[in-house]
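My questions are about this predicted structure, shown below with the sequence.
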Amino acid sequence: RKEVLKQQKDLEESIKVHAAGFFELLNENGIDTDCFSGGYCPKFFLKLQKGDFNVGFSAGWQLNLAEKALYASKLAADKKALLDNLQPQIVEYYS
C-alpha cells in the first residue's frame, strides 16, 4: 500500500510538472492563454497544475488534438502560425 501511494504521489507530481511545462512553453513563445479557442486547453492544464486531477478526456477540443487548430479564427496570423508550430509540443504535454 505504501509503495502504491508513493507511486501515485510521484505520478501526480510528474503531471503537475508537465502542466507547468505547458505554461512555460507559452510564456517562452509569447502566447497568452486567451489565444486559445474557448480557453479550454489552458484551463485543462491549469487544473492539472493545481493538482485537480478530476478532468475529462472526451471534450470536443481534445478529439483529434493533433490535427485541429487550437485558436479562434480571429487570432492574428503570426500567433496562428506560432501555435501551429507549437501544437506538436502541446499534444506531447497533453499525452
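Looks like it arrived, so ask away.

A20: neighbour count?
By other CB atoms under 10 Å, 14 other residues sit near A20. The way it works is simple: take the backbone N, C-alpha and C, and place the C-beta from them, glycine included.

Is it in a helix, a strand, or coil?
helix (DSSP: H, G, I helix; E, B strand; the rest coil).

so how many other residues sit close to F53?
When neighbours are defined as other CB under 10 Å, F53 has 12 of them.

nope, F45 is what I was after
Neighbour tally, F45, other CB under 10 Å: 22.

quick one: it from R1, how far?
Using CB to CB, to the nearest Å, F45 is found at 30 Å from R1.

same deal with E13?
Going from E13 to R1 by CB to CB gives 19 Å.

and stretch 40-48, how far out from the chain's middle?
With CA atoms, centre = their mean, to the nearest Å as the basis, stretch 40-48 stands 6 Å off its chain's centre.

That's all I had, so thanks and see you.
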